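# below is the sequence, then the predicted model.
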Amino acid sequence: MSKRTIIPFRAKVIEPLKLPSLEQRNKKISAAGLNVFQLDAEDVYIDLLTDSGTGAISAMQLARSMNGDESYAGSRSFRAMERQVMETMGFRYTIPVHQGRAAEQVLNFVMIKKNQIVPGNSHFDTTKAHIEFSGGRAIDCTIDAGRRSEGDHPFKGNIDIEKTEAVIREYGARHVAYILVTITCNSGGGQPVSMQNLRDVRALANKYGLPVVYDAARFAENAYFIKTREEEFADTPIPYIVREMFKHADACTMSSKKDALVPIGGFIGIRESEELYERVKTPTILFEGFYTYGGMSGSAMEALAQGLKEVVDLDYLTYRIGQVRRLGELLDSFGVPIVHPIGGHAVFIDARRFFPNVPQDQFPAQLLCVELYKEGGIRCVEVGSCLIGRDPDTGENIRPAMDLCRITIPRRAYTFEHLEYVADVVRTVYEEKGSSQRRGLCFDVEAPGIRHFSSTFRYV
Ligand SMILES: Cc1ncc(COP(=O)(O)O)c(C=O)c1O
């Protein structure tokens, strides 16, 4: 029997899209300082900047959100969300926040003491920034295979256990706030972490008496990779895999804009530590709102609860990850250098190989984002030298292992025909400019801190 992908939904409401003319696109991107974050969304035809909050919600999510309870404290919608987090992840305590970085802010406020370190795998940019903001230091302990765009390691998001142990010993366990596991690794190319690695991290943490925290934004996509790549779980239903994954965590931060299928929202999940829960309450009230709504409306909490149910559906995940894979395979067939294996939420183009003659410190991935917009009105994002920023001690530009252009696929939003268009745009830029392009970009104005959002550039 052929393996057909089931697409477990159809469109009922659509949003019109328009492709601005080439002349308009050139004008707009120049006015935006060659930074796609500075473009207005209406000047973009296909928006692949992020999969964060950009997906389509389901009819059931909409229906439930109409029934949101907007009570300030202890609302019915909060209880529904709390029950769903318990059912999906097995966490006893749920603290809503308005999005993932808010969860990071609150949790780091209570978990990090000055100068403590947080070893982990490819910390996301806001995660790293919040660790530093709380006086800590993020130390990347991703396995070496995860630092290369080539190679077919099935779990490139894995944490290098030996490296992590060496770091713990070097600093001393009391200077380690917690071990962070990002599932899946956004900055590392959307790469998953294996169940075996989650178990090994747990064992290591137990050995040194350390907590384990997951950055769980794409937990369901991670579970799908465990099911399809880790033999032990081939016949295990996704919800069981998810429960097993979270068994090894003490807490999580969640950006619900990803795998809870909502436009806004997040939460902190705590497995069982009542003491941690009590400590988290006060900063939540200060930064976010009362700890049973934390910046979310009752409607949003209902939609989130429903999203957590829908995201662990195997047909959904097969379609979702299959769509990303098919785009990657199409680019492969055109010879475009992409990160392998293809990740869960995005296809990452290796911009150093795409533009081999552009000097590495001239932001090749940022340049590629600009060229893709000019060619076809599509908006992708740089995950590389610009995003990673400067070393907080030396002020030097950090040169990341890879300079990537991320083509991020919103959930349930675009058809594969949209993605075929995207692939054609990438191919055109590759064939016309890939090896002939010799100059890249430099900063016009370098924004301080998280600089990729608002810095402006010019051609060298
Ligand atoms: C892995 C990861 N962690 C944390 C975040 C931050 O979440 P939010 O954008 O909801 O603040 C993101 C956002 O893209 C992410 O990809």
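Yep, it's here.
# and the closest residue to residue 109 other than its chain neighbours, helix, strand or coil?
Nearest residue to residue 109 in three dimensions, chain neighbours excluded: residue 283, at 4.6 Å (C-beta to C-beta, 6 or more residues apart in numbering). From N, CA and C alone the C-beta is placed, and that goes for glycine too. In three-state terms, and counting by DSSP: H, G, I helix; E, B strand; the rest coil, residue 283 is helix.
# isn't residue 283 right up against residue 111?
No: counting by C-beta atoms under 8 Å, residue 283 stays clear of residue 111, with 10.6 Å between them.
# those two: which is more packed in?
Each of residue 283 and residue 111 has its neighbours counted (other C-beta atoms under 10 Å); residue 111 has more, 21 against 17.
# mind checking how far that one is from residue 134?
8 Å (C-beta to C-beta, to the nearest Å).
# same question, residue 326
Distance from residue 326 to residue 134, counting by C-beta to C-beta: 41 Å.
# tell me which of those two has more neighbours.
Taking neighbours as other C-beta under 10 Å, residue 326 and residue 134 compare with residue 134 leading, 20 against 17.
# next one: phi and psi at that one?
Here is the backbone geometry of residue 134 (degrees, to the nearest 10): phi -90, psi 10.
# what does residue 383 give?
Here is the backbone geometry of residue 383 (degrees, to the nearest 10): phi -130, psi 80.
# that one: what's it in contact with?
Contact analysis of residue 383 by C-beta atoms under 8 Å, 6 or more residues apart in numbering lists 186-187, 348, 365, 404-406.
# also residue 62?
For residue 62, the contacting residues are residue 303, by C-beta under 8 Å, 6+ apart.
# which residues touch the spatially closest residue to residue 229 that is not a sequence neighbour?
Among residues not flanking residue 229 along the chain, residue 154 sits closest, at 4.2 Å (C-beta to C-beta, 6+ apart). Counting by C-beta under 8 Å, 6+ apart, residue 154 makes contact with 192, 194, 225, 229-230, 341.
# need these in CSV (columns: neighbour count and distance to the ligand).
What follows is those, written out as CSV (neighbours: other C-beta atoms under 10 Å; distance: C-beta to the nearest ligand atom, whole Å):
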residue, neighbour count, distance to the ligand
192, 28, 12
194, 21, 17
225, 28, 15
229, 15, 20
230, 18, 21
341, 20, 18
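# now what about stretch 435-449, what contacts it?
Here stretch 435-449 makes contact (C-beta under 8 Å, 6+ apart) with 33-34, 129, 355-359, 362-364, 366-367, 370, 389, 453-460.
# mind checking which of the residues you listed land in helices?
Judged by DSSP state H, helices contain the following of those: 129, 364, 366-367, 370.
# quick check on those residues: which are buried?
Buried subset of these (neighbour count, 16 or more other C-beta atoms under 10 Å): 129, 364, 366-367, 370.
# who are the contact partners of residue 246?
Going by C-beta under 8 Å, 6+ apart, residue 246 touches 89-91, 214, 216, 219, 252, 269, 271.
# ok, now how distant is it from the ligand?
The spacing between residue 246 and the ligand, counted by C-beta to the nearest ligand atom, to the nearest Å, is 16 Å.
# report pLDDT for that residue.
The model reports residue 246 with a pLDDT of 98.
# burial of the residue in the stretch 201-350 of the chain that the ligand sits nearest to, as a residue count?
Residue nearest to the ligand within the stretch 201-350 of the chain (C-beta to the nearest ligand atom): residue 255, separated by 3.2 Å. As a burial measure, residue 255 scores 29 neighbours (other C-beta under 10 Å).
# find the nearest non-adjacent residue to it, please.
Leaving out its chain neighbours, the residue that sits closest to residue 255 by C-beta to C-beta, 6+ apart is residue 100, at 2.6 Å.
# one step back: does the residue of the stretch 201-350 of the chain closest to the ligand have beta-bridge partners, and which?
As for beta bridges, residue 255 partners with residue 266 under DSSP bridges.
# just the pLDDT for it.
On the pLDDT scale, residue 255 gets 98.
# the chain should start at 811 in everything you say after this.
Noted, 811 is the first residue going forward, which turns the last one into residue 1065.
# does it really touch residue 1076, like I thought?
Yes: with contact defined as C-beta under 8 Å, residue 1065 reaches residue 1076; the gap is 5.2 Å.
# burial count for the closest residue to residue 1082 other than its chain neighbours?
In space, and not counting its chain neighbours, residue 1082 is closest to residue 902: 5.2 Å by C-beta to C-beta, 6+ apart. Per other C-beta under 10 Å, the neighbour tally for residue 902 reads 14.
# how about residue 977?
Neighbours of residue 977 using other C-beta under 10 Å come to 18.
# run through the residues that contact whatever residue of the stretch 811-960 of the chain ends up closest to the ligand.
Of all residues in the stretch 811-960 of the chain, the one sitting closest to the ligand is residue 910 (2.5 Å; C-beta to the nearest ligand atom). By C-beta under 8 Å, 6+ apart, the residues touching residue 910 are 936, 1025, 1027, 1063-1068, 1076.
# 10 Å instead?
Residue 910 sits next to 862, 934, 936-937, 940, 1025-1027, 1063-1068, 1075-1077 when contact means C-beta atoms under 10 Å, 6 or more residues apart in numbering.
# against residue 1214, how distant is it?
Applying C-beta to C-beta to residue 910 and residue 1214 gives a distance of 20 Å.
# do residue 1019 as well
Applying C-beta to C-beta to residue 1019 and residue 1214 gives a distance of 36 Å.
# now do residue 961
On the measure of C-beta to C-beta, residue 961 and residue 1214 end up 15 Å apart.
# more crowded one of residue 1019 and residue 1214?
residue 1214 (31 against 9).
# surely residue 983 touches residue 1019?
Yes: using C-beta atoms under 10 Å, residue 983 is in contact with residue 1019, at 6.4 Å.
# can you read off the pLDDT for the residue of the stretch 811-960 of the chain closest to the ligand?
pLDDT at residue 910 comes out at 97.
# element containing the closest residue to residue 1059 other than its chain neighbours?
The shortest distance from residue 1059 to any non-neighbouring residue, by C-beta to C-beta, 6+ apart, is to residue 1024 (4.6 Å). Residue 1024 belongs to strand 1022-1025 when assigned by DSSP states H and E.
# any idea how far the helix or strand that comes right after that strand is from the chain center?
Using DSSP H and E, the helix or strand that follows strand 1022-1025 towards the C-terminus is helix 1029-1039. Distance of helix 1029-1039 from the chain centroid (C-alpha atoms, centre = their mean, to the nearest Å) equals 15 Å.
# what's the burial count for the closest residue to residue 1142 other than its chain neighbours?
Leaving aside its sequence neighbours, residue 1142 sits nearest to residue 1148 (C-beta to C-beta, 6+ apart; 6.5 Å). The local packing of residue 1148 (other C-beta under 10 Å) involves 25 other residues.
# for residue 1148, grab phi and psi.
phi -120, psi 170.
# contact partners for it?
959, 999, 1137-1139, 1141-1142, 1157-1160, 1163-1164, 1214-1215, 1217, 1236.
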